[in-house]
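# Show me how the following folds:
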Amino acid sequence: MANKSTWAVVELFFILFLFISCNNPKTTGSDTPAFCDEISAHYATDIIPIITTHCQMGSNCHSTGSKNIGGELTDYDKIFARRAAIRMAIYSGKMPQTGSITSEQKKKIICWIDNGALKN
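Below is the predicted model:
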């Protein structure tokens, strides 16, 4: 049986977790960041050029035949199928692993996904 100090520590971490979760200034009440209110991104003109340049050609990580985690990101259907993982990797800063994309490009990808990842 756990002692009182152990329970106190567990309660403290739980309260701290709730406080941090509820006070995240980057979101608007949903998981969509507030900056998406100002960003309009389209697949054809914004997203595919970023992915082609930085995820396929520039890094050669997600080009045709890729066996990397995430696999090929060579067409809309493959990108759409992996949109949640792409969003998490971009938002967390884990991707791209080689080279870099601007914060504006990251925002465009995140907002495009959060707005339904339309093929527009």
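# Flag the shaky bits of this structure, pLDDT-wise.
The model of the chain has pLDDT under 70 over residues 1-30, 58.
# show me where it has helices.
Here the chain has its helices, by DSSP state H, at 4-22, 48-51, 76-81, 83-92, 103-114.
# Next up, the contacts around the residue nearest to the spatial centre of the chain.
Most central in the chain under Cα atoms, centre = their mean is residue 87, positioned 2.3 Å from the mean C-alpha point. By Cβ atoms under 8 Å, 6 or more residues apart in numbering, residue 87 lies in contact with 109-110, 113-114. Where C-beta positions appear, they are placed from N, C-alpha and C, glycine not excepted.
# so how far is residue 64 from it?
23 Å (Cβ to Cβ, to the nearest Å).
# OK, contacts around residue 63?
56-57, 72, 74.
# Now that we have those residues, which of them are buried?
56, 72, 74 (16 or more other Cβ atoms under 10 Å).
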